[in-house]
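Have a look; sequence and predicted model below, questions after that.
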Amino acid sequence: MATDRFIDMCGTDAPLADCLVIDGHCHVDLWIGMYAIDRHIEGILEVCDAVGIDKICVNYAACPQMRLGNDRVADCVRRYPDRVVGFCYINYFEGGEEVQQAELKRCFDEFGFKGIKVINVNESYPLACRYFELDDPLQPTWEFAQQRGAPILCHGIVTGEIARRYPGANFIVAHGSAVPDFCISMAKLPNVYCDMSATTMIAGTLELLCDKIGPQRILYGSDLPASDPGQRLGMVMAAHISETDKELILGRNMQRLLDNVR
Amino acid sequence: MRFQFFDANARIGPVPDFNPRHFYTADELLREMDLFGVEEAMVWHAWTNRWDIPMGNEQLLRELDGRDRLHPVWTVMHHYTGQLPHGPELVARALDAGVRMVRLFFGIWGSSEEYMPWAYEDLLAALEQVRMPVMIEWENHPPVWNDLAHICATYPRLPVILTHSKLTQWERNWYPLLGKYPNFYIETAGYQGWRGLEGICRLFGPRRMLFGTRCPTYQVGQAMSMVARTLRPARERQMIAADNLRTLLQEVGC
Ligand SMILES: [Zn+2]
């Protein structure tokens, strides 16, 4: 049998009990046209308990109404404060500076959220920028993240220029392991991280990223409930990297980012 | 609880890409299986869809020779080009060579290969005659669900196994197939749906899924972890991990 305890556990149902596991990329409830059983928070935590996921960072990015979705996440945080970390979804379509600031304050100060999620829905981000005649309609959000030292899970949108302009904010490239070239191109920016929730899962990707950007910059994420954590955890467990690197990726890196939030 | 695993979908042979984590020989495959704890594997050869089907099938037998835990899977197609014998003859040769599963590829890069019912009927009927499972893959193309339905309906004693590189939570087309055709099976490596295997077990029972890895393109351990960590009774997970495949193979030729 293997000398690496994680590799040894791949073929068992043993929960990852002796290691902090934080899933940095989660949703809850219904999801754009998806079919899945038990997507509610209880159904999600049932699986987390079984496989040994300690905390989940939840955002409601698929909701057509930003406040409604954030309210749903706030409800999960209220009911499971030790398990659920709220990430505030900001939709640039729904307003400019005041709206974004108010929603971020509401989520962070009233609900205790610790992170932010932005997404370039349907690739329309550049179009929205032109409508609002802004170079960067999310500037108020980046500024807030910079002030609070908050992590921002960015589905698209983030560029090297933005990351350089806000060194106090931490940018996570959502589904980053599907675009390893992009993550590697950002390697010199210490506030850019790679989320490994991706539907492509070619063997060797995690090893390559560890080598090129370092294990401290990779965060475990599954995109649940759009994916199966048993499989996504297996991608880390089975990787040919050290056990210490696996512990960083599975939870310690994200804990460090969350501890940094003011 | 530790499960026994029998991989329905492993590959050997070189492919034209570079990845330091990929392996190409039978012995490297066995080393990987030992590392993770996989007992046996059904193995096909990359030459069959990257070079030439008959050469790849022959090479497969040579490379697996003497390795009892690795079982040959031939790639097949219709006989009209003359590359392969007529269906009944091909199946007889396969059985002689110890082959108990075959693979069909449709939509490979640069090829127009598609399922034409009238071109494949002799081959599929011969396979059905001996109940030799056929694993079907559309490469670089979504599965063609109507083709699968046609094959399942026309050859009801033929086990039809779908493998695909990526099947997500948005995939709903296979539910009618699972509901309608008891000879339709899914190989698990490319499926990544939330509580996905559990959901299929609840609706259709645990008999319809076969553990596979798609190694070396995908990691062996991630495929194992998904089956092992499915929230169903251990007996059902063991069926998916190895027993369902064993049952299908035992029925070949019966
Ligand atoms: Zn997501």
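In hand now; what should we look at?

Spatially nearest residue to residue 63 (excluding sequence neighbours)?
Since no chain was named, I'll use chain A. Spatial nearest neighbour of A:Cys63, excluding adjacent residues (CB to CB, 6 or more residues apart in numbering or on different chains): A:Gly69 at 3.0 Å. Where C-beta positions appear, they are placed from N, C-alpha and C, glycine not excepted.

that answer is for a different chain, and I need it for chain B
B:Glu63 sits nearest to B:Ala26 (CB to CB, 6+ apart), 4.9 Å away.

what do you get for B:Met239?
Nearest non-adjacent residue to B:Met239 (CB to CB, 6+ apart): B:Pro206, at 4.6 Å.

Now for that neighbour: which residues touch it?
B:Arg232, B:Glu236, B:Arg237, B:Met239, B:Ile240, B:Asn244 (CB atoms under 8 Å, 6 or more residues apart in numbering or on different chains).

Is the last one part of a helix or strand, or is it coil?
When you say that, I think you mean B:Asn244. helix (DSSP: H, G, I helix; E, B strand; the rest coil).

quick one: pLDDT of residue 245?
With no chain named, the answer covers chain A. Looking at A:Asp245, its pLDDT is 98.

The intended chain is chain B.
At B:Leu245, pLDDT is 98.

Could you export the contacts of B:Pro206 as a markdown table, including neighbour count and secondary structure?
Output for the contacts of B:Pro206, formatted as a markdown table (neighbours: other CB atoms under 10 Å in any protein chain shown; DSSP: H, G, I helix; E, B strand; the rest coil):
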| residue | neighbour count | secondary structure |
| --- | --- | --- |
| B:Arg232 | 17 | coil |
| B:Glu236 | 20 | helix |
| B:Arg237 | 25 | helix |
| B:Met239 | 24 | helix |
| B:Ile240 | 27 | helix |
| B:Asn244 | 22 | helix |
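
Check those against B:Gln83 and report the nearest one.
B:Asn244 (31.8 Å; CB to CB).

for the residue of the stretch 1-150 of chain B found nearest chain A, phi and psi?
Nearest residue of the stretch 1-150 of chain B to chain A: B:Arg21, at 3.2 Å (CB to the nearest CB). Here is the backbone geometry of B:Arg21 (degrees, to the nearest 10): phi -90, psi -10.

can you give me the helices for chain A?
A:5-9, A:41-51, A:66-79, A:97-105, A:125-131, A:139-148, A:160-165, A:180-185, A:205-213, A:229-237, A:243-247, A:253-259 (DSSP state H).

any chance of these in a markdown table, plus mean neighbour count?
Output for the helices of chain A, formatted as a markdown table (neighbours: other CB atoms under 10 Å in any protein chain shown):
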| stretch | mean neighbour count |
| --- | --- |
| helix A:5-9 | 20 |
| helix A:41-51 | 19 |
| helix A:66-79 | 19 |
| helix A:97-105 | 17 |
| helix A:125-131 | 13 |
| helix A:139-148 | 20 |
| helix A:160-165 | 15 |
| helix A:180-185 | 16 |
| helix A:205-213 | 19 |
| helix A:229-237 | 27 |
| helix A:243-247 | 17 |
| helix A:253-259 | 18 |
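
between these, which gets the lowest average pLDDT?
helix A:125-131 (a mean of 71).

tell me which element the closest residue to chain A within the stretch 51-200 of chain B is part of?
At 3.9 Å from chain A, B:Trp194 is the closest residue in the stretch 51-200 of chain B, using CB to the nearest CB. Here B:Trp194, judged by DSSP states H and E, is contained in no helix and no strand.

just for the stretch 51-200 of chain B, where's the confidence low?
For the stretch 51-200 of chain B, the stretches flagged by pLDDT under 70 are B:109-112.

still on that earlier bit, for the residue of the stretch 51-200 of chain B closest to chain A, which non-adjacent residue is spatially closest?
Closest to B:Trp194 by CB to CB, 6+ apart is A:Pro225, at 3.9 Å.

tell me the contacts of whichever residue of the stretch 51-200 of chain A sits closest to chain B?
Across the stretch 51-200 of chain A, the shortest distance to chain B (CB to the nearest CB) belongs to A:Val51, at 5.1 Å. Residues near A:Val51 by CB under 8 Å, 6+ apart: A:Pro15, A:Leu16, A:Pro229, A:Gly230, A:Leu233, B:Arg229.

ok, of the residues you listed, which one's closest to A:Ser177?
Closest to A:Ser177, out of all of the contacts of A:Val51 and judged by CB to CB, is A:Leu233, at 13.9 Å.

ok, the closest one touching A:Val21?
Yes - contact criterion CB atoms under 8 Å: A:Leu233 and A:Val21 qualify, at 7.5 Å.

Which neighbours do the two have in common?
Contact criterion CB under 8 Å, 6+ apart; residues shared by A:Leu233 and A:Val21: A:Ile53, A:Tyr220, A:Leu250.

got the contact list for the second one?
Contact criterion CB under 8 Å, 6+ apart gives A:Val21, A:Ile22, A:Asp23, A:Gly24, A:Met196, A:Arg232, A:Leu233, A:Val236, A:Ile249, A:Leu250, A:Gly251, A:Met254 as the residues in contact with A:Tyr220.

My guess is A:Ala198 contacts A:Ser177. True?
Yes - in terms of CB under 8 Å, A:Ala198 counts as a neighbour of A:Ser177; the distance is 4.5 Å.

neighbours of A:Val28, just the number please.
A:Val28 has 23 neighbours, counted by other CB atoms under 10 Å in any protein chain shown.

So B:Arg232 versus A:Gly43, what's the distance?
Per CB to CB, to the nearest Å, B:Arg232 is found 14 Å from A:Gly43.

Could you do B:Trp47 as well?
45 Å.

again with A:Met196
As for A:Met196, its distance to A:Gly43 is 23 Å (criterion: CB to CB).

How about A:Thr12?
Using CB to CB, A:Thr12 is found at 23 Å from A:Gly43.

Repeat that for A:Gly251.
Distance from A:Gly251 to A:Gly43, by CB to CB: 22 Å.

which parts of the stretch 51-200 of chain B sit against chain A?
Listed as neighbours of chain A in the stretch 51-200 of chain B under the rule CB under 8 Å from any CB of the partner chain: B:166, B:168-170, B:172, B:191-199.
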